[in-house]
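[1] Structure for the following, please:
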Amino acid sequence: MLNEGDKAPAFTTRDTNGKTISSSQFKGKRFVLYFYPRDDTPGCTIEACSFRDHFKEFKKRKIEILGVSMDNETSHQKFSKRFQLPFPLLVDEHGEIAQAYGAYGEKKFLGRTFQGVKRMTFIIDKKGRIAKIYWKVKTFNHAQEVMEFAQTLQ
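    Residues are numbered from 1 along each chain as shown. Down below sits the predicted model:
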């Protein structure tokens, strides 16, 4: 299990448009890595649109946003286009990134227990360390909460 202050696990994958994205590209930058269960579902849509609505404020503060789910490129493209998401969604079809960050595991929904991506957010600082982990995310005000913390980082 990761803790605040730990080095963020490295990753390389594809984004919404098939472009290779690697954590090494963000060296010296602050970024938000938010994990969500599925494209185009109610809670995930609220969360993504919240980040979209605050995107200009994040950019102004030089904070990158990356969404991660186990959906494929095609699903990400449709979701991104439908809701005009201005940031990349990362493809994690086998859950390797989610597992590395501890965002994959047992979940309960409607009385059913299963394995899947947990709704979690990590703020990574310029040194590649985890500055903040949000274990329990409330989708409605999450982007605002993340921005308030992230802007305090140097």
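[2] So residue 98 sits against residue 122, correct?
    No. Applying C-beta atoms under 8 Å as the test, residue 98 and residue 122 come out as separate, 11.1 Å apart. C-betas here are computed from N, CA, C, even on glycine.
[3] Just the element for the residue at minimal distance from the centre of the chain, please.
    By C-alpha atoms, centre = their mean, the chain has its centre lying nearest to residue 34, at 1.7 Å. Per DSSP states H and E, residue 34 falls inside strand 30-35.
[4] Does anything pack onto whichever helix or strand comes after that strand? Which helices or strands?
    Scanning forward in sequence from strand 30-35 by DSSP H and E, the next helix or strand is helix 42-53. Here helix 42-53 touches strand 30-35, strand 63-69, helix 142-150, going by 3 or more C-beta pairs under 8 Å, 6 or more residues apart in numbering; DSSP states H and E.
[5] Just give me how far whatever helix or strand comes next after helix 42-53 sits from the chain centre.
    Counting by DSSP H and E, the next helix or strand C-terminal to helix 42-53 is helix 55-60. Remark: helix 55-60 is offset 16 Å from the chain centroid, using C-alpha atoms, centre = their mean, to the nearest Å.
[6] pLDDT on helix 55-60, on average?
    Taken as a whole, helix 55-60 has an average pLDDT of 94.
[7] before we move on, the earlier item: contacts for the strand holding residue 34, please.
    Applying C-beta atoms under 8 Å, 6 or more residues apart in numbering, the contact partners of strand 30-35 are 8, 47, 51, 58, 62-69, 98, 101, 103, 117-126, 131, 137, 142, 146, 150, 153.
[8] Which strands border it, and is each parallel or antiparallel?
    Next to strand 30-35 in the sheet, as set by DSSP bridges, lie strand 63-69 (parallel), strand 120-124 (antiparallel).
[9] Compare those strands and report which one is nearest to residue 87.
    Shortest distance between residue 87 and these, using C-beta to C-beta, is found for strand 63-69: 4.1 Å.
[10] helix or strand right after the closest one?
    Next helix or strand after strand 63-69 toward the C-terminus (DSSP H and E): helix 73-82.
[11] so what secondary structure elements neighbour the helix or strand following that next one?
    Heading C-terminal from helix 73-82, the first helix or strand you meet, by DSSP H and E, is strand 89-91. Contacts defined by 3+ C-beta pairs under 8 Å, 6+ apart place strand 89-91 against strand 12-14, strand 63-69, helix 73-82.
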